[in-house]
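>>> Fold the following for me, if possible:
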Amino acid sequence: MGGRSLYHEQTVPQMENVSRMLKREYGDKISVKFAYGFEQGDVEDKTKELLDENVDVLIVAPQVVVGSYFEGTLHWIKEVHDALNEYVLENGRSISFIETESIGIQPDYIKGIVMKVKDELSKTPANANVAIFLSNHGFPLTECGDYDCQGDPYHHYAKEIFDRTKKAIINSVSWQGDLEVLQIYAEFAEGDGDPENQMLSPREGLNYAESHGFTYIIDIPYEFLGDCMDTLVGLRESFGVEPKWNNDFETEFDYRGMHVKITSSFYYLEYREKAYYNCINEEIEKLLGGKRLSKETFESTEENRESFPVSGAIFFSILVGGFAVFLMTWKKKGGYTDEKRFIKNRKGKNK
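Model (predicted):
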């Protein structure tokens, strides 16, 4: 985007702040590295660097709001697996591997969204009928070549995070007019991507709002930690408007008597960073507390080792992944992954 990545500029400082928080808490017991997936990614290289430090536990903390098997296990997490398997074969030493939960499940992350909703409502006439669109990126509810997109846990996680967030908004916001919170999917919610019409696209959401008497629409791209191609361009195109925005990365327009505002994805960083920190810290506390872990252990075929002990001196390794939403890669390249056949055009035939 004009020779810069706004998403990178907005999200890397979040990772750096979380890294500093962890270092203050645990000092030299942990080693922190940042890794990036997909185009020009270095996940496998960074994993090997950490393994060369003779770490005992690898905690992988994806900087993503909604988890996806396709995005994680079949792509960037596979690179972690490859590095771990190679290390075990060469060294005969097992490494405990933990993947953290997605950030979106954390109460602090949801709290930041609630605060954003309150901010936007404070700029809206008090008696207006308002529809809050919480917009997800989206994922097809179909077979995608050789991959079952419909069965990907993205759909479950997206619904769970939305349900929790909606409940928090309804319980925290007092509003004089009508107020409804809707889940909107910017991609794959029309045509071949959603053959049974289970998801609500931006334009379908606008039509719903019009038929139910809403006069103000506030769309918050809550699945993103920063502004990027998917929100600034893809989301706006899905609304049927030209991808333009003001200095605050907001877009406002009128649609059939309703005023629509698409907000920035960049807000209340302290809550996002706390949520990210907690995802990692919860796993560390489990280790320090001697609790039973849910983890994957890579072991040598020559030695059946016990799980990593939590007593004594413990050295952790935190591999922090900052990943742009993967489908942007296919839009730019217009091709297929070497590993799984996917979709050439993420917009679908209706676009």
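>>> for residue 130, what are its contacts?
With C-beta atoms under 8 Å, 6 or more residues apart in numbering as the criterion, the residues that contact residue 130 are 121, 124, 175, 177, 178, 179, 180, 214, 215, 216, 217, 218. To be clear about C-beta, it is placed using only N, CA and C from the backbone, and glycine gets the same treatment.
>>> Would you mind splitting the chain into its domains for me?
According to automatic domain parsing, the chain comprises the domains 6-100+270-333, 104-262.
>>> Wait, a helix at residue 183?
No: residue state for residue 183 (DSSP: H, G, I helix; E, B strand; the rest coil) corresponds to strand; a helix is not indicated.
>>> Can you give me the neighbour number for it?
21 (other C-beta atoms under 10 Å).
>>> Tell me the spacing between it and residue 208.
Relative to residue 208, residue 183 is positioned 11 Å away (C-beta to C-beta, to the nearest Å).
>>> and if you look at residue 40?
To residue 208, residue 40 is 40 Å away according to C-beta to C-beta.
>>> who has more neighbours, the two?
In this comparison of residue 40 against residue 208, neighbours counted by other C-beta under 10 Å, the higher total goes to residue 208 at 16 against 6.
>>> Surely the more buried one is in contact with residue 184?
No: counting by C-beta atoms under 8 Å, no contact exists between residue 208 and residue 184, whose distance comes to 9.8 Å.
>>> Please enumerate the shared neighbours of these two.
With contacts defined as C-beta under 8 Å, 6+ apart, the residues shared by residue 208 and residue 184 are residue 200.
>>> in the stretch 201-350 of the chain, which spans are strands?
Assigned strands in the stretch 201-350 of the chain, in chain order: 216-220, 251-255, 258-262, 296-298, 316-321 (criterion: DSSP state E, counting those that start in this stretch).
>>> for the stretch 51-200 of the chain, same thing?
Chain-ordered strands for the stretch 51-200 of the chain, with DSSP E, counting those that start in this stretch as the definition, fall at 57-62, 95-99, 130-136, 143-144, 147-148, 179-185.
>>> quick one, which of these is packed in tightest?
Counting by mean count of other C-beta atoms under 10 Å, strand 130-136 has the highest mean neighbour count of the strands of the stretch 51-200 of the chain, with a mean of 26.
>>> could you give the angle of that one to strand 179-185?
Interaxial angle of strand 130-136 relative to strand 179-185 (axes from the mean of the first three to the mean of the last three C-alpha atoms, to 10 degrees): 30 degrees.
>>> Pull up the pairing partners for strand 130-136, direction included.
Here the strand partners of strand 130-136, with direction, are listed using DSSP bridges: strand 179-185 (parallel), strand 216-220 (parallel).
>>> could you dump those strands to a markdown table with distance to residue 78 and mean pLDDT?
A markdown table is the format used below for those (distance: least, C-beta to C-beta, whole Å; pLDDT from 0 to 100):
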| stretch | distance to residue 78 | mean pLDDT |
| --- | --- | --- |
| strand 179-185 | 26 | 97 |
| strand 216-220 | 32 | 98 |
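>>> so which of the ones you listed comes closest to residue 117?
Of all those, strand 216-220 sits nearest to residue 117, with 7.0 Å by C-beta to C-beta.
>>> That closest one: what's the following helix or strand?
Proceeding C-terminally, strand 216-220 gives way to helix 229 as the next helix or strand, assigned by DSSP states H and E.
>>> Leaving out sequence neighbours, find the closest residue to residue 239.
Nearest residue to residue 239, sequence neighbours excluded (C-beta to C-beta, 6 or more residues apart in numbering): residue 202, at 4.4 Å.
>>> quick revisit: can you list the strands paired with strand 130-136 in JSON lines and add distance to residue 236?
Converted to JSON lines, the strands paired with strand 130-136 look like this (distance: least, C-beta to C-beta, whole Å):
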{"stretch": "strand 179-185", "distance to residue 236": "13"}
{"stretch": "strand 216-220", "distance to residue 236": "10"}
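>>> Out of the domains of the chain, which gets the lowest mean score?
Of all the domains of the chain, domain 6-100+270-333 carries the lowest average pLDDT, namely a mean of 76.
>>> how many other residues sit next to residue 54?
By other C-beta under 10 Å, 11 other residues sit near residue 54.
>>> Would you agree residue 49 falls within a helix?
Yes: the assignment for residue 49 (three-state DSSP) places it in a helix.
>>> so who does it touch?
Going by C-beta under 8 Å, 6+ apart, residue 49 touches residue 33.
>>> ok, now how distant is it from residue 33?
When C-beta to C-beta is the yardstick, residue 49 and residue 33 sit 6 Å from each other.
>>> And for residue 109?
When distances are taken as C-beta to C-beta, residue 109 and residue 33 turn out to be 23 Å apart.
>>> out of these two, which sits in the busier spot?
Set side by side, residue 109 and residue 33 show unequal neighbour counts under other C-beta under 10 Å, the larger going to residue 109 at 26 against 17.
>>> returning to what we had before: contacting residues around the residue nearest to residue 239?
133, 135, 184, 186, 219, 235, 238, 239, 240.
>>> contacting residues around the second one?
Meaning residue 135. By C-beta under 8 Å, 6+ apart, residue 135 lies in contact with 184, 185, 186, 202, 219, 220, 221, 222, 223, 235.
>>> nearest to residue 86, of those residues?
Minimum separation from residue 86 among these (C-beta to C-beta) is found for residue 223, which lies at 33.5 Å.
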